[in-house]
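Student: Structure of the sequence below:
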Amino acid sequence: MAHGKFLTAEEVAERYRGGVSVGTLRNWRAMKIGPSFVKIGKAVLYPIDELEAWDEKNRVQCRASRRLTEHGSDQP
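Tutor: Next comes the predicted model:
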């Protein structure tokens, strides 16, 4: 893991700027979906490297972005 760094559910919700609430994270944990987490007693912690991997897994590439990548810096 990335130097043992973790975020709480509240910090994860803040990381995603309100796109994911603490309640949503709780529901996802119950359904075994969403980012991986560690539970120690009552504490629920999200490893930062797992969040980054989850971000990458859920990345959506738009067509315009692909065109820019394919053409590189050959812009008119």
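
Student: Could you confirm residue 39 falls within a strand?
Tutor: Yes. Looking at residue 39 with DSSP: H, G, I helix; E, B strand; the rest coil, it is inside a strand.

Student: Contact partners for it?
Tutor: If you count contacts by Cβ atoms under 8 Å, 6 or more residues apart in numbering, residue 39 has them with residue 45. Backbone N, C-alpha and C define where each C-beta goes, glycine included.

Student: Next, find the distance separating it from residue 59.
Tutor: With distances taken as Cβ to Cβ, to the nearest Å, residue 39 is found 27 Å from residue 59.

Student: ok now the top strand by length along the chain, how far from the chain's centre?
Tutor: For the chain, the strand with the greatest residue count under DSSP state E is strand 43-47. Here strand 43-47 is found 13 Å from its chain centre; the criterion is Cα atoms, centre = their mean, to the nearest Å.

Student: in that strand, what counts as buried?
Tutor: Buried residues in strand 43-47, counted by 16 or more other Cβ atoms under 10 Å: 44, 45, 46, 47.

Student: One more: stretch 53-69?
Tutor: Neighbour counts over stretch 53-69 (16+ other Cβ under 10 Å) mark no residue as buried.

Student: Low-confidence ranges, this protein, go.
Tutor: 1-4, 65-76 (pLDDT under 70).

Student: residue ranges for the helices of it, please.
Tutor: 9-15, 22-31, 48-57, 63-71 (DSSP state H).

Student: Sweet, I'm off.
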